[in-house]
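Trainee: model this:
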Amino acid sequence: MKALTELLENKGMGAVTVPESASVATAIRAMYESRVGSVLIPSASGMPAGIFTERDVMRLCAEGKTDFEHMAVKDYMTTNIILGKPEDRVHEVLILMTEKRFRHMPVVKDEQIVGLISIGDLVKAKLEETAQEAQVLREYITS
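Mentor: Numbering: from 1, shown residues only. Modelled structure (predicted):
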């Protein structure tokens, strides 16, 4: 099974970030422009201080909080985040994300953000692996 580093090499390293001082509106625009479901908010040291996701936007709307230009993202970001390491295995992270019910995981190496993995990235990798295994089995059966 693949490690997260292989997924990041194919997907691209890095993540969409906004500073803690940004407004919620800025975070939403960054997600929209980058066509992603979350943005990371790095601390001064480079480690993730939090993550702001589409779910956070929905929660704010449901609570009637919609003055996004005047709301600081640091006040509404999710701060209790689980970090991944490049050597973590896809199947282990997929299980963790499913059990803990979250969809985006920052990947950190040497206390720096190296990327962001979504549950969609993990499902895609798992489907590719399953297709390869099926092909090997078909070739074995026909030989």
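Trainee: any idea how far the residue nearest the centre of the chain is from residue 132?
Mentor: Among the residues of the chain, residue 104 comes closest to the average C-alpha position under C-alpha atoms, centre = their mean, at 2.8 Å. Distance, residue 104 to residue 132, using C-beta to C-beta, to the nearest Å: 26 Å. To be clear about C-beta, it is placed using only N, CA and C from the backbone, and glycine gets the same treatment.
Trainee: contact partners of the longest helix belonging to the chain?
Mentor: Using DSSP state H, we find that the single longest helix of the chain is helix 119-142. With contact meaning C-beta atoms under 8 Å, 6 or more residues apart in numbering, helix 119-142 is reached by 1, 2, 7, 11, 90, 91, 93, 94, 97, 98, 103, 104.
Trainee: now with 7 Å?
Mentor: 1, 2, 7, 11, 90, 93, 94, 97, 103 (C-beta atoms under 7 Å, 6 or more residues apart in numbering).
Trainee: Many thanks, I have nothing further to ask.
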